[in-house]
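S.K.: coordinates only, no sequence provided:
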């Protein structure tokens, strides 16, 4: 694949979604390469993401645009343009925003959740800051935590899977590039005892939506999000997990 | 939007074009445009929502509700007005929809 002059490429793949990150600065590429080491990809044919490149000509009107703290993302149909990306943390934020849109038609989405592998399947524990995601990840057996902060959920060949992501929280030993079929999604609630209560489809959807990463104001993106989340709410077991912030909650899940 | 305006029977309510919605298990769920909060409607509310298309006035919607659910016109009108006022307060109806017809 040919590159624009003066650029270097880092191919990565997150949740089986391939991206080709085109850097203008080698130093930023190296920091990104270190950050996304577990997610480096072999092919450079992923969706192109251009970082901080000079604009040779006016761009077409973006399908979707997002800006925050001086950095910005413009999404076109065949590539994304990022500007003002000064460090890997800004890149991290823009990749989350980009994936939140690009995953919708797959279908898939990013969610504030820890994902734990157990018996060949994945368990997704969702909740906002302080809900207990890091506690769940910290108490998981070695190598079982795929992520402690942002999980990627995607349907592949008719089966919902949860994937590890490089978007970590407090528990930085996770972030594994693994994908496993979903066993269940749990809405975390701290309580004096452990109990997993099954949720009906509408209850599951109500619990799920506030935890999904979503930044678009476009109606078509909102329609897609509601469709995707409604589908998973109907197709995957959801539970409200009252838990005591220790490992004993697995017994409640097993019941 | 005030309750006074919502009471006008010739108002033609219109769904907020930014609000995503769909039917789930036979009833409408709506995602708020601003905060992605889910609003769930019961059977009669779903019936009213689907007719809030800017073409029917409140009185016409209430008449259809009365016929479908076999309630008297006065009760149907009150229920329709109350629901639409609530939806407007939650920004799920467009401002333009409350222009008097």
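M.R.: Right, received. Where do you want to start? Bear in mind that the values here come from a model prediction, so they are computed numbers and not experimental data. Residues are numbered from 1 along each chain as shown, chains lettered A, B, ... in the order given.
S.K.: so residue A:206 sits right up against residue B:31, yeah?
M.R.: No: using C-beta atoms under 8 Å, residue A:206 is not in contact with residue B:31; the gap is 10.6 Å. To be clear about C-beta, it is placed using only N, CA and C from the backbone, and glycine gets the same treatment.
S.K.: looking at those two, which is more packed in?
M.R.: For residue A:206 versus residue B:31, neighbours defined as other C-beta atoms under 10 Å in any protein chain shown are more numerous around residue B:31 (25 against 18).
S.K.: contacts only, for that one.
M.R.: When contacts are counted by C-beta atoms under 8 Å, 6 or more residues apart in numbering or on different chains, residue B:31 touches A:209, A:222, A:225-226, B:19-21, B:37-39.
S.K.: near chain A, which residues of chain B?
M.R.: Within reach of chain A by C-beta under 8 Å from any C-beta of the partner chain, chain B has these residues: B:17-22, B:24-25, B:27, B:29, B:31, B:33, B:36-38, B:40.
S.K.: and the residues you listed, which are buried?
M.R.: B:18-21, B:24, B:27, B:29, B:31, B:33, B:36, B:38 (16 or more other C-beta atoms under 10 Å in any protein chain shown).
S.K.: in strands, which of those residues fall?
M.R.: Those of those mapping onto strands are B:20-21, B:24, B:27, B:29, B:31, B:38, per DSSP state E.
S.K.: and those, which two are the farthest apart?
M.R.: For these, the farthest-apart pair by C-beta to C-beta is B:20 and B:27; their separation is 15.3 Å.
S.K.: how's chain A carved up into domains?
M.R.: Chain A breaks down by automatic domain parsing into domains covering A:8-102, A:108-254.
S.K.: got JSON lines for those domains, with mean pLDDT and distance to residue B:78 too?
M.R.: Converted to JSON lines, the domains of chain A look like this (pLDDT from 0 to 100; distance: least, C-beta to C-beta, whole Å):
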{"stretch": "domain A:8-102", "mean pLDDT": "93", "distance to residue B:78": "42"}
{"stretch": "domain A:108-254", "mean pLDDT": "92", "distance to residue B:78": "27"}
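S.K.: how about these, which one is nearest residue B:63?
M.R.: Closest of the domains of chain A to residue B:63 is domain A:108-254, at 29.3 Å (criterion: C-beta to C-beta).
S.K.: tell me if the closest one is near chain B.
M.R.: Yes: contact of domain A:108-254 with chain B (C-beta under 8 Å from any C-beta) involves A:201-202, A:205-206, A:209-210, A:212, A:214, A:217, A:219, A:222-223, A:225-227, A:230, A:234.
S.K.: what subset of the residues you listed is buried?
M.R.: Buried members of the residues of domain A:108-254 next to chain B, scored by 16+ other C-beta under 10 Å, are A:201-202, A:205-206, A:209-210, A:212, A:214, A:222-223, A:225-226, A:230.
S.K.: looking at these, which are in helices?
M.R.: A:201-202, A:205-206, A:222-223, A:225-226, A:230 (DSSP state H).
S.K.: which single one of the buried ones among the residues of domain A:108-254 next to chain B is nearest to residue A:245?
M.R.: Using C-beta to C-beta, these come closest to residue A:245 at residue A:210, 21.0 Å.
S.K.: setting aside sequence neighbours, what's the nearest residue to the closest one?
M.R.: residue B:36 (6.7 Å; C-beta to C-beta, 6 or more residues apart in numbering or on different chains).
S.K.: per-residue pLDDT, residue B:98?
M.R.: In the predicted model, residue B:98 carries a pLDDT score of 58.
S.K.: quick one: pLDDT of residue B:14?
M.R.: Per-residue pLDDT puts residue B:14 at 95.
S.K.: that one pairs with what?
M.R.: With DSSP bridges applied, residue B:14 shows beta-bridge pairing to residue B:53.
S.K.: what sits against residue A:169?
M.R.: Each residue near residue A:169 by C-beta under 8 Å, 6+ apart is listed here: A:133-134, A:137, A:148-150.
S.K.: for residue A:114, same thing?
M.R.: Residue A:114 makes contacts with A:124-125, A:133-134, A:136-137, A:145, A:147-149, A:151, A:171, A:174, as judged by C-beta under 8 Å, 6+ apart.
S.K.: could you list which of those belong to strands?
M.R.: Per DSSP E, the contacts of residue A:114 map to strands at A:124-125, A:145, A:147, A:151.
S.K.: ok, and the most crowded of the residues you listed?
M.R.: residue A:151 (30 neighbours).
S.K.: just checking, that one touches residue A:162?
M.R.: Yes: taking contacts as C-beta under 8 Å, residue A:151 lies within contact range of residue A:162: 5.5 Å.
S.K.: joint contacts of the two?
M.R.: A:115, A:124.
S.K.: show me how far stretch B:60-77 is from its chain's centre.
M.R.: Centroid separation for stretch B:60-77 versus its chain: 13 Å, with C-alpha atoms, centre = their mean, to the nearest Å.
S.K.: please consider this matter closed, and thank you.
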